[in-house]
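# Need coordinates for the below:
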Amino acid sequence: MFHSTRKSTWRRSALLVLAAVLVMTMLAACGKGKGEHSLQFKNVDKGEVVATYKDGKVTQDELKKYLDVYVLAQPAYESIVELPQFQEMLLEQYVSFKLLSAQASEDSLKEARKQVDEQLVGFKELKDSDKTFAEELKKKKISDADIATFLLLNSAAVVHMNSKVTDEDMAKAFETMKADFAVSDVRHILVATTETDPNTQETKELRTDEEALARAKEVKAKLDAGGDWTELAKQYSDDTGSKEKGGLYEGYAGSKWVEPFKIATYEQEIGVIGEPVKTDFGYHVIKVEKREDKTLDKLTEDEKNQVKGAAAYTYMEKFMTEEMPKQELKITLPKSEEGEGTGEGEGAEPSETPTETPADGAANDEKAAE
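Have a look, this model is predicted:
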């Protein structure tokens with residue numbers, strides 16, 4: 001398969017990274033807890049100062065707390081979190097969260113706290129049911145309050161950005177996202193270039209790019225000549241999810257597909273077999289049998305939140321390019337030997353703010369393959 005897989009609510013919610021989260025669905029603000037969560041980690045005022053900016057500073061203890069919670073939520077980054085360059089990106093991200101949450105209105109903070117209440121339910125369920133997770137919390141001295149602060153900083157920043165979005169912003173964003181929401185019935189035959197061993201998960205070359213394209217053109221010619229999709233999919237397709245069904249996927253929204261496949265299903269003429277489309281998986285021969293476009297007013301609330309997140313991203317970009325430089329952020333993390341991981345040698349000046357923050361591979365986990 002070559003469409004999306006989903007992460008648990010806790011894992012997804014805990015990984016709200018500014019550049020990615022603003023294009024993700026916002027959790028509904030329906031929590032009913034007290035919402036008495038702080039935007040500031042407790043007992044982190046000690047230690048060396050590792051960053052200064054116009055409105056404040058960050059200590060080593062404070063950064064360590066943020067990194068510990070971040071890695072707990074995103075174990076895949078544990079192996080690189082000690083790299084100075086990666087820490088610089090996360091440090092800038094953290095400062096961005098602090099600044100944006102400080103700008104949030106009382107109403108925005110109230111909504112964000114309600115969202116955190118809801119997210120904490122999932123976190124506490126995980127802690128109670130997963131002993132390894134609970135032990136990791138204890139080992140790193142991460143409290144429920146630390147988790148709440150981490151989530152609140154993220155949620156407050158996102159709610160604040162979303163509050164700026166107008167109806168006009170929504171309409172403009174939707175125009176660029178129509179392919180994501182169009183629902184189609186699609187037949188395809190995948191001629192893969194690689195294959196994955198189900199036991200070792202090792203990927204190896206199945207055929208060259210040229211061989212795959214030639215094979216895709218071959219099956220397209222047979223289909224154009226009236227060949228049977230059911231038989232040809234069984235013979236040619238490397239997509240185990242559809243080859244026994246004549247290559248058919250019914251009722252799939254465009255957002256479920258990797259980008260080139262999505263564009264093809266949205267732009268190809270209905271009923272016409274298109275030229276082979278290349279993705280990271282190989283070449284696809286595609287026929288769109290049915291397609292239904294949606295209008296903005298017909299979207300679900302979750303889908304509207306996705307559009308709002310995309311619209312809010314423009315405000316995030318403006319903040320990062322116009323407001324962050326005014327903060328004169330100076331990062332003074334200890335340098336590793338010979339400046340490894342930072343691109344800076346011994347005696348280098350303190351780092352200015354980097355241009356990007358790391359994004360959850362969730363920003364586009366639509367490309368995950370089964």
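# Show me how far the biggest helix by length in the chain is from its chain's centre.
Ranked by number of residues, the top helix in the chain under DSSP state H is helix 106-129. How far helix 106-129 lies from its chain's middle: 20 Å, per Cα atoms, centre = their mean, to the nearest Å.
# Please name every helix or strand in contact with it.
helix 9-14, helix 131-139, helix 144-163 (3 or more Cβ pairs under 8 Å, 6 or more residues apart in numbering; DSSP states H and E). Quick note: C-beta positions are derived from backbone N, CA and C, even for glycine.
# Return that helix as PDB; C-alpha atoms alone will do.
Taking Å, rounded to 0.1, in the frame of the first residue of the first chain, the C-alpha atoms of helix 106-129 are listed here in PDB:
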ATOM      1  CA  GLU A 106      -7.300  34.700  27.300                       C
ATOM      2  CA  ASP A 107      -9.900  33.100  25.100                       C
ATOM      3  CA  SER A 108      -7.300  31.300  23.100                       C
ATOM      4  CA  LEU A 109      -5.500  30.100  26.300                       C
ATOM      5  CA  LYS A 110      -8.800  28.900  27.600                       C
ATOM      6  CA  GLU A 111      -9.400  26.800  24.500                       C
ATOM      7  CA  ALA A 112      -5.900  25.500  24.500                       C
ATOM      8  CA  ARG A 113      -6.200  24.400  28.100                       C
ATOM      9  CA  LYS A 114      -9.400  22.500  27.300                       C
ATOM     10  CA  GLN A 115      -7.600  20.800  24.500                       C
ATOM     11  CA  VAL A 116      -4.700  19.800  26.800                       C
ATOM     12  CA  ASP A 117      -7.200  18.400  29.300                       C
ATOM     13  CA  GLU A 118      -8.400  16.100  26.500                       C
ATOM     14  CA  GLN A 119      -5.000  15.100  25.400                       C
ATOM     15  CA  LEU A 120      -3.900  14.300  29.000                       C
ATOM     16  CA  VAL A 121      -6.600  11.700  29.200                       C
ATOM     17  CA  GLY A 122      -4.800   9.700  26.500                       C
ATOM     18  CA  PHE A 123      -1.500  10.300  28.100                       C
ATOM     19  CA  LYS A 124      -2.600   9.100  31.500                       C
ATOM     20  CA  GLU A 125      -4.200   6.000  29.900                       C
ATOM     21  CA  LEU A 126      -0.900   5.200  28.200                       C
ATOM     22  CA  LYS A 127       1.000   5.700  31.500                       C
ATOM     23  CA  ASP A 128      -1.300   3.400  33.400                       C
ATOM     24  CA  SER A 129      -1.300   0.700  30.800                       C
END
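# Name the residues of that helix that are buried.
108-109, 111-120, 122-123, 126-127 (16 or more other Cβ atoms under 10 Å).
# so who does residue 209 touch?
Residue 209 is in contact with residue 193, counting by Cβ atoms under 8 Å, 6 or more residues apart in numbering.
# How is the chain partitioned into domains?
9-172+299-354, 183-292 (automatic domain parsing).
# can you list those in TSV and add mean pLDDT?
Formatted as TSV, the domains of the chain follow (pLDDT from 0 to 100):
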stretch	mean pLDDT
domain 9-172+299-354	82
domain 183-292	97
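# Could you say which helix or strand holds residue 217?
Per DSSP states H and E, residue 217 falls inside helix 209-224.
# Looking at the helices and strands packed on helix 106-129, which one is packed in the most?
Comparing the helices and strands packed on helix 106-129 by mean neighbour count (mean count of other Cβ atoms under 10 Å), helix 144-163 ranks first with a mean of 23.
# need the next SSE after that one, C-terminal direction.
Using DSSP H and E, the first helix or strand after helix 144-163 is helix 167-175.
# That following helix: which residues count as buried?
169-170, 173-174.
# same thing with stretch 251-265?
For stretch 251-265, burial by neighbour count (16+ other Cβ under 10 Å) applies to 252-258, 261-262, 264-265.
# Now do it: everything it contacts.
2-4, 179-186, 188, 266, 274, 277-281, 284, 286, 288, 291, 306, 366-367.
# Now, the residues you listed that are in strands?
Judged by DSSP state E, strands contain the following of the contacts of stretch 251-265: 183-186, 188, 277-279, 284, 286, 288, 291.
# Make TSV out of the residues you listed and add distance to residue 69.
Formatted as TSV, the ones in strands among the contacts of stretch 251-265 follow (distance: Cβ to Cβ, whole Å):
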residue	distance to residue 69
183	38
184	40
185	43
186	41
188	42
277	41
278	40
279	35
284	41
286	43
288	44
291	43
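# export these to a markdown table and tack on neighbour count and distance to residue 67?
As requested, the ones in strands among the contacts of stretch 251-265 are exported to a markdown table (neighbours: other Cβ atoms under 10 Å; distance: Cβ to Cβ, whole Å):
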| residue | neighbour count | distance to residue 67 |
| --- | --- | --- |
| 183 | 16 | 41 |
| 184 | 25 | 42 |
| 185 | 17 | 46 |
| 186 | 24 | 43 |
| 188 | 27 | 43 |
| 277 | 20 | 41 |
| 278 | 15 | 39 |
| 279 | 19 | 35 |
| 284 | 27 | 41 |
| 286 | 23 | 44 |
| 288 | 22 | 46 |
| 291 | 17 | 45 |
